[in-house]
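Enquirer: predicted model, plus sequence, below.
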Amino acid sequence: MKKSILVALFILGGCAVGPNYRTPDLATPPAYQDLPTTKAQAPLSSPTAGEADLSQWWLQFNDSELQSLISRALQSNLDLLTAESRLREARQQVIVAGAAGLPKVDSSGVAAHIHSNSNLLSKLSGSSGGSSGSGAAPSGSTDIKLYSLGFDATWEIDVFGGIRRGVEAADASREAAVWQTRDSEVTLTAEIATDYLTLRATQARIAILQSEAKDQQDVLSLTAARARTGFVTQLDVDQQNALVASTLAQIPELQAQTGAMEHAIAVLLAEQPEAITAELDRSAALPTMPTTLPVGLPSDLLRRRPDVRVAERQLAAATAQIGVADADLYPKFDLIAAASFTGSHLSNLLSGSNLGEAGLGSIMFPIFHGGQIEANIRSKKEEQKQAYYAYSKAVLGAVQDAEDALARYTTEQQRLVELQRAVEASRSASTIALQQYRAGLVTYVNVLTAQANELTARDQLEQSRQTFASDLVSLYKALGGGWQENLPATKIAGASASKS
């Protein structure tokens, strides 16, 4: 009979209550709808359906400064360090959950000395009074010494798998924390790159304004000379002077924007806002764009997007929690053992004659809890549904992000090409208008209009280049690029060792 009971317990111990988790099979489109099919749709950089390694996508820009900034940020960014700390915390919670299925052993010790001049204690202890072996104590006094060293152990046998489901939930939460760390890397690298590209584009716009202001100043000198000789009126001089002032007035605002970008990048590196101003004040051109961009298939997002993986692991944890709640419906089996050494002399306390021991097994079966257990199970099932909806939403959102980023990236290329043509045309018009003005064929209004159009076209072109580069960063982020498979574990292990 005893063997039958043990066999039944072992069989039950191999099972676990609650549903077994399986990753949901969510449908994704077979291909991206906005993937360009002709060179005309993507004249500068063509996204393709090929597979690519996007773990360090910023290397495609061939910009050493950008690479340096991202490398430093990955080591020192405070949000990323916080995510890594949460991962270390989640790892410890796995140990906590697993410890619930192991025996727990505690020890305790007591040393007591009781002295009394009353004969009450001697009567209670059956003594005739006085301390044994010593005539120094007065009649009726009592000395009692007591030493005790005890050990007790408890072990809940996980027959129905509630503890194992708890470990499963904790492990899924740990994996979610891994992917949250990687998602922090994706966000960080994209933010650094976007700020850096905005900085470089703004510096280029300042250079354009300064160059245009110089050219306009040269025209102002020519106009002033012609006014002094009576060929033109003071009106032409004042109009050109106003154009120069208007051009120069745009520079301070852009300089403030460059300062804001420099400060933002420094903070992302966990530095004081002004720490890298001198480093970034040296103007440089916007990085070149790659001519081809493999983007893969929408189904790749399920494994490549860290936020999608986080949602999937959270669903797994929520599923395991149903099993933890289900286990409360079944009996709990506990083994309890205790041993103690008790004596009046410390020297021979650990002798066998002072040993006392006890052991027992207990079973607790829930009978009536006012519906609490069933309500908790229903609650966990609803949490699982919510996690499933969140996972489904994350998948849909990932596909939408990629489609939107592809559309913006493709259409901005077309806009950029047209703006390049506009700059060439406006530059030619400005040159012709100035030549005709010198020859007296047109009024000065034509020159002013041509100069203003050229400045606007050049500024719009530079802003389009910035948008094009930023759209590429957004596309890399939407595809889940920016994390490395082994980097988080290596960094976290090193951080943990350095602080222990």
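Expert: Structure received.

Enquirer: what segments of the stretch 301-450 of the chain are strands?
Expert: Along the stretch 301-450 of the chain, counting by DSSP state E, counting those that start in this stretch, strands occupy 332-343, 355-364.

Enquirer: show me what the shortest one is packed up against.
Expert: Put plainly, it is strand 355-364. Counting contacts by 3 or more Cβ pairs under 8 Å, 6 or more residues apart in numbering; DSSP states H and E, strand 355-364 packs against strand 332-343. C-beta: built from backbone N, CA, C; applies to glycine.

Enquirer: packing partners of the strand it packs on?
Expert: When contacts are defined as 3+ Cβ pairs under 8 Å, 6+ apart, strand 332-343 sits against strand 142-157, strand 355-364.

Enquirer: pick the most buried one from those strands.
Expert: Across these, the average number of neighbours (mean count of other Cβ atoms under 10 Å) peaks for strand 142-157, which reaches a mean of 16.

Enquirer: still on that earlier bit, mind putting the helices and strands packed on strand 332-343 in a markdown table, distance to residue 99 and mean pLDDT included?
Expert: Converted to a markdown table, the helices and strands packed on strand 332-343 look like this (distance: least, Cβ to Cβ, whole Å; pLDDT from 0 to 100):
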| stretch | distance to residue 99 | mean pLDDT |
| --- | --- | --- |
| strand 142-157 | 11 | 88 |
| strand 355-364 | 20 | 89 |
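
Enquirer: dump those strands into CSV; add distance to residue 408 as well.
Expert: Shown next, in CSV, are the helices and strands packed on strand 332-343 (distance: least, Cβ to Cβ, whole Å):
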stretch, distance to residue 408
strand 142-157, 57
strand 355-364, 61
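
Enquirer: residue 241: which of those strands is closest?
Expert: strand 142-157 (88.7 Å; Cβ to Cβ).

Enquirer: quick check: next helix or strand after that closest one?
Expert: Remark: after strand 142-157, the chain's next helix or strand is helix 162-228, criterion DSSP states H and E.

Enquirer: what helices and strands are in contact with that next one?
Expert: In terms of contacts (3+ Cβ pairs under 8 Å, 6+ apart), helix 162-228 is packed against helix 64-76, helix 78-99, helix 234-268, helix 306-326, helix 444-478, helix 487-499.

Enquirer: right, and the helix or strand after the third one?
Expert: Moving toward the C-terminus from helix 234-268, the first helix or strand encountered (DSSP H and E) is helix 277-280.

Enquirer: how far does that next one sit from its chain's centre?
Expert: Remark: helix 277-280 is offset 27 Å from the chain centroid, using Cα atoms, centre = their mean, to the nearest Å.

Enquirer: buried set for that helix?
Expert: Under the neighbour-count criterion of 16 or more other Cβ atoms under 10 Å, helix 277-280 has residue 280 buried.

Enquirer: contacts for that helix next, please.
Expert: Here helix 277-280 makes contact (Cβ atoms under 8 Å, 6 or more residues apart in numbering) with 65, 199, 259, 261, 262, 263, 265, 266.

Enquirer: for stretch 62-80, same thing?
Expert: The contact list for stretch 62-80 (Cβ under 8 Å, 6+ apart) reads 58-59, 181, 184-185, 187-189, 192-193, 196, 265, 268-271, 279-280, 284, 287-288, 487, 491.

Enquirer: and stretch 463-474, by the same measure?
Expert: Contacts to stretch 463-474, defined as Cβ under 8 Å, 6+ apart, come from residues 44-45, 190, 193-194, 197-198, 200-202, 204-205, 286-287, 289-290, 293, 405, 408-409, 412-413, 415-416, 419.

Enquirer: hang on, the earlier thing: of the contacts of stretch 62-80, buried ones?
Expert: 58, 181, 184-185, 187-189, 192-193, 196, 265, 268-270, 280, 287, 491.

Enquirer: before we move on, back to that, in CSV: the strands of the stretch 301-450 of the chain, plus distance to residue 225.
Expert: Formatted as CSV, those follow (distance: least, Cβ to Cβ, whole Å):
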stretch, distance to residue 225
strand 332-343, 101
strand 355-364, 104
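
Enquirer: so for residue 26, which of those sits nearest?
Expert: Of the strands of the stretch 301-450 of the chain, nearest to residue 26 by Cβ to Cβ is strand 332-343, at 37.7 Å.

Enquirer: now the closest one: mean pLDDT?
Expert: Here strand 332-343 scores 90 as its mean pLDDT.

Enquirer: and for residue 434, the neighbour number?
Expert: 20 (other Cβ atoms under 10 Å).

Enquirer: could you number the chain from 542 rather than 1 from now on?
Expert: All right, first residue 542 from here; so that's residue 975.

Enquirer: so what's it closest to, chain neighbours aside?
Expert: Nearest residue to residue 975 in three dimensions, chain neighbours excluded: residue 988, at 5.6 Å (Cβ to Cβ, 6 or more residues apart in numbering).

Enquirer: so the one you found touches residue 760, yeah?
Expert: Yes. Applying Cβ atoms under 8 Å as the test, residue 988 and residue 760 come out as touching, 7.1 Å apart.

Enquirer: quick one, phi psi at residue 648?
Expert: phi -130, psi 160 (degrees, to the nearest 10).

Enquirer: ok, it - contacts?
Expert: 690, 691, 692, 693.

Enquirer: distance to residue 702 for these - can I get that in a markdown table?
Expert: Formatted as a markdown table, the contacts of residue 648 follow (distance: Cβ to Cβ, whole Å):
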| residue | distance to residue 702 |
| --- | --- |
| 690 | 37 |
| 691 | 32 |
| 692 | 29 |
| 693 | 26 |
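
Enquirer: between those residues, which is nearest residue 787?
Expert: Taking Cβ to Cβ as the measure, residue 787 sits nearest to residue 693 out of these, at 86.6 Å.

Enquirer: I'd say that closest one and residue 876 touch.
Expert: No. With contact defined as Cβ under 8 Å, residue 693 does not reach residue 876; the gap is 11.4 Å.

Enquirer: so what's the residue nearest to the spatial centre of the chain scoring on pLDDT?
Expert: The residue lying closest to the centre of the chain (Cα atoms, centre = their mean) is residue 725, at 2.6 Å. We have a pLDDT of 95 for residue 725.

Enquirer: nearest spatial neighbour of it, skipping sequence neighbours?
Expert: Spatial nearest neighbour of residue 725, chain neighbours left out: residue 624 (4.2 Å); criterion: Cβ to Cβ, 6+ apart.

Enquirer: for residue 719, see how far away the one you found is.
Expert: 10 Å (Cβ to Cβ, to the nearest Å).

Enquirer: now for residue 655: which residues touch it?
Expert: Counting by Cβ under 8 Å, 6+ apart, residue 655 touches 662, 683, 684, 685, 686, 687.

Enquirer: can you put those residues in JSON lines and add distance to residue 907?
Expert: Formatted as JSON lines, these follow (distance: Cβ to Cβ, whole Å):
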{"residue": "662", "distance to residue 907": "47"}
{"residue": "683", "distance to residue 907": "50"}
{"residue": "684", "distance to residue 907": "51"}
{"residue": "685", "distance to residue 907": "45"}
{"residue": "686", "distance to residue 907": "46"}
{"residue": "687", "distance to residue 907": "41"}
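
Enquirer: ok, those residues vs residue 563, which is closest?
Expert: residue 687 (60.3 Å).

Enquirer: am I right that that closest one is in contact with residue 882?
Expert: No. If you go by Cβ under 8 Å, residue 687 and residue 882 don't touch, sitting 11.5 Å apart.

Enquirer: sounds good, over and out.
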